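Structure for this input, please:
(one chain, ligands or ions: 1)
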Amino acid sequence: KVIILDYGSQYTQLIARRIREAGVYSEIHPCTITSEELKALKPQALILSGGPASVTNHEAPALDPQVLDWGLPILGICYGMQLLAHICGGEVVPAQDREYGRAELFITEDCALWEGLVVKEGIKVWMSHGDKVLAPPPGFIVLARTNRVDVAAMADPARKIYALQFHPEVAHTEDGDQILRNFLFRIADLNPNWNMSSFLEEHLARLREEIGENEQVICALSGGVDSTVVAVMLHKAIGHRLHCVLVDNGLLRLGEGEEIVAYLRQHFDLNLHFVQAQDLFLSRLKGVEDPEKKRKIIGHTFIEVFEQEAKALTGIKYLAQGTLYPDVIESISFKGPSAVIKSHHNVGGLPEKMDLALIEPLRELFKDEVRKVAVELGLPDFIVWRHPFPGPALAIRILGEVTQERLNILQQADKIVHNELMASGWYYKVWQGFAVLLPLKTVGVMGDERTYEHVIALRIVDSIDAMTADWTRVPSEILALISNRIINEVKGVNRVVLDISSKPPSTIEWE
Ligand code: XMP
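Below you'll find the model as predicted:
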């Protein structure tokens, strides 16, 4: 595997993804890791990420120089390059002005990194740095320059140490993938054998071993892709010793609980407990308007119901959760190794409360990789590509109090949005698309009568990771159809509006 040491760059996760896309398993670790810990990880190659610090500052994050003597292929990117230059005896100086954005790269020396590049002159690369390497360390040759920096890439080929001032991991760098692949396959001599079927094979065996011959596991199913993959993987690993619990809190999308349960029952012989707790959740939410209070009530009530279900089963030792890699690395990044590990937002608090050990089969994966595992497991599109759905469910899309009447209105409107996005093929193109019930009534006219009824807002967004989002330009005919259907078919609604805000500064959800 390739170990990426994180020096705090915003692109560190991208490096990991590119390496994995090339078929090589990679892991991110904080740059504060000791050399013993690093050795214990048994890396086959090392990548030093970029970062905001300056090596000319004596408190800047460093690298134990003895790591360079291990014979490990090393690639330094941006800050990683400056760090290599610094510890090997080169000269790093603060640049007069920061260079940020596109630059043209000119190759000055042929080497394995440049093999197979489509363009060889004036390669468009992405720069983002303050310091620059003025003179390479002894034993290093300069591989490329730009109009602003003389040392834009350097290497000590005998020691397999390479360094780039630009970012090969970002899409703006032309042929950046090829450069990374050259490092992996021509310099580090790795094999591209990481894929989802090898992941599954290895992890099913690992799960069997970790859980043992007799222990039992419980897992909460939400209907989303993560928890479904966790359940199906564990079912394959330990069969009926897995108990899945799907709590119907009454706030799910119309018919969603039934749909997922029917699918799983039909295709997998899962041990599945479908708990009907609608009345309990609704009664707890009565009179509550504050969104954070709603979240808390739903979270606590879920834990209570789940715990009760688990009590009926004896001898459960493990709780399986769909924690993903971004949740794990967020907490160990360079910003502070002491930061607490973020608990999975939907079932946070459960493991300690119930004294269960955690099993997290997806903790090494990015979301798109989970989807690939789902495909590998044979799960259908409607699960693989299901839109993200918040833990507090429709309660945070009913602004103000959640009542049975308002829930019915939102569920029907949401169903229409869903069906029309599906029918027009837009469902699989957008990140999320849903209806929100606003806490106001407006005037309308139906037949000869004035009406005073609810407003539904449509929220349909594009995003890659939910951190940023923009409203989707859905064709107006489809919006018109959705609006017409909602106003005609959902009793109590006389107006539909479209949310045209981006995140930031807005958010995807309304509460
Ligand atoms: P926002 O509204 O913050 O949402 O732009 C970003 C993503 O997170 C989902 N979301 C939640 N998921 N519990 C969850 O499990 C929550 O309380 C919650 N709030 C928002 C939202 O649907 C979007 O995908």
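
For residue 285, give its distance to the ligand.
As defined by Cβ to the nearest ligand atom, to the nearest Å, residue 285 lies at a distance of 14 Å from the ligand. Placement of C-beta: from N, CA and C, glycine included.

Check what pLDDT that residue gets.
Per-residue confidence at residue 285 stands at 98 (pLDDT).

who's in contact with it?
Shown in contact with residue 285 (Cβ atoms under 8 Å, 6 or more residues apart in numbering): 294, 297, 298, 395, 401, 402.

now residue 455, which residues is it bridged with?
With DSSP bridges as the criterion, residue 455 is bridged to residue 495.

Tell me the residues of the protein that contact the ligand?
Neighbours of the ligand within the chain, by Cβ under 6 Å from any ligand atom: 295, 345-346, 388, 390-392, 432, 466, 503, 507-509.

what's the most distant pair in those residues?
Of all pairs drawn from the residues of the chain next to the ligand, the greatest distance, 20.7 Å, lies between 346 and 503 (Cβ to Cβ).

out of the two, which sits in the more crowded spot?
residue 346 (20 against 16; other Cβ atoms under 10 Å).

From the contacts of residue 285, pick the one nearest residue 206.
Nearest to residue 206 among the contacts of residue 285, with distances taken as Cβ to Cβ, is residue 298, at 33.3 Å.

Please, which helix or strand holds that closest one?
For residue 298, the host element (DSSP states H and E) is helix 291-311.

where along the stretch 301-450 of the chain do the helices fall?
Remark: helices assigned in the stretch 301-450 of the chain by DSSP state H, counting those that start in this stretch are 325-332, 350-354, 367-376, 381-384, 404-423.

And residue 14, which helix or strand is it part of?
Here residue 14 sits within helix 12-21, counting by DSSP H and E.

Just after that helix, pick out the following helix or strand.
Going down the chain from helix 12-21, the next helix or strand is strand 26-30, by DSSP H and E.

Now the element after that following strand, going C-ward?
According to DSSP H and E, the helix or strand after strand 26-30 is helix 35-40.

export stretch 261-280 as CSV, just CAs?
Extracted C-alpha coordinates of stretch 261-280, given in CSV (Å, rounded to 0.1, in the frame of the first residue of the first chain):
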residue,chain,number,x,y,z
VAL,A,261,-37.5,-4.5,3.4
ALA,A,262,-39.3,-6.2,0.6
TYR,A,263,-36.2,-6.1,-1.6
LEU,A,264,-33.9,-7.5,1.1
ARG,A,265,-36.4,-10.2,2.1
GLN,A,266,-36.7,-11.2,-1.5
HIS,A,267,-33.1,-11.3,-2.4
PHE,A,268,-31.2,-12.0,0.8
ASP,A,269,-32.1,-14.3,3.6
LEU,A,270,-31.4,-11.6,6.1
ASN,A,271,-32.4,-11.7,9.8
LEU,A,272,-34.5,-8.5,9.5
HIS,A,273,-36.5,-6.8,12.3
PHE,A,274,-38.8,-4.1,10.9
VAL,A,275,-39.9,-2.1,13.9
GLN,A,276,-43.0,0.1,13.7
ALA,A,277,-42.5,3.1,15.9
GLN,A,278,-44.4,5.8,14.1
ASP,A,279,-46.7,6.8,17.0
LEU,A,280,-43.9,7.0,19.5
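
which residues are contacting it?
Residues contacting stretch 261-280 (Cβ under 8 Å, 6+ apart): 221, 228, 231-232, 235, 239-240, 242-250, 257, 301, 305, 309, 378, 380, 383.

right, and residue 350 touches residue 304 too?
No - Residue 350 is not in contact with residue 304 according to Cβ atoms under 8 Å; the separation is 10.6 Å.

Settle it for me: which of those two has more neighbours?
Shown here are residue 350 and residue 304; by other Cβ under 10 Å, residue 350 has more neighbours (22 against 15).

How confident was the prediction at that one?
70.

what are the ranges of the strands in the stretch 201-350 of the chain?
Under the criterion DSSP state E, counting those that start in this stretch, strands of the stretch 201-350 of the chain are mapped to 216-220, 242-248, 272-276, 316-320.

Residue 9: which of those is closest?
For residue 9, the closest of the strands of the stretch 201-350 of the chain is strand 316-320, at 32.5 Å, according to Cβ to Cβ.

Same list (the helices of the stretch 301-450 of the chain) but as a markdown table, adding distance to residue 360.
As requested, the helices of the stretch 301-450 of the chain are arranged in a markdown table below (distance: least, Cβ to Cβ, whole Å):
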| stretch | distance to residue 360 |
| --- | --- |
| helix 325-332 | 8 |
| helix 350-354 | 10 |
| helix 367-376 | 12 |
| helix 381-384 | 20 |
| helix 404-423 | 30 |
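
closest one to residue 452 among those helices?
helix 404-423 (14.5 Å).

returning to that earlier point: can you give me how far the helix holding residue 14 is from the chain middle?
Put simply, helix 12-21 sits 12 Å off its chain's centre (Cα atoms, centre = their mean, to the nearest Å).

what domains does the record give for the chain?
The record assigns the chain these domain ranges, following automatic domain parsing: 2-187, 196-322+356-384, 402-498.

and the gap between residue 136 and residue 179?
18 Å (Cβ to Cβ, to the nearest Å).

Then residue 223?
The value you get for residue 223 to residue 179, if Cβ to Cβ is used, is 41 Å.

Next: residue 433.
Distance from residue 433 to residue 179, by Cβ to Cβ: 38 Å.

Nearest residue to residue 282 in space, ignoring adjacent ones along the chain?
Distances taken as Cβ to Cβ, 6 or more residues apart in numbering place residue 250 nearest to residue 282, at 5.7 Å, with adjacent residues excluded.

who's in contact with that neighbour?
Contacts of residue 250 (Cβ under 8 Å, 6+ apart): 277, 278, 279, 281, 282, 407.

How about the first one: what's its closest non-neighbour residue?
Read it as residue 277. According to Cβ to Cβ, 6+ apart, the nearest residue to residue 277 is residue 305 (4.9 Å).

what's around the one you found, how many residues?
19.

That one is in contact with residue 247, isn't it?
Yes - between residue 305 and residue 247 a contact is recorded at 5.3 Å, counting by Cβ under 8 Å.

isn't residue 17 right next to residue 366, touching?
Yes - in this structure, residue 17 is within contact of residue 366 by Cβ under 8 Å, at 6.2 Å.

could you dump the contacts of residue 250 to TSV with neighbour count and pLDDT?
Shown next, in TSV, are the contacts of residue 250 (neighbours: other Cβ atoms under 10 Å; pLDDT from 0 to 100):
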residue	neighbour count	pLDDT
277	19	97
278	17	97
279	10	97
281	21	98
282	17	98
407	22	98
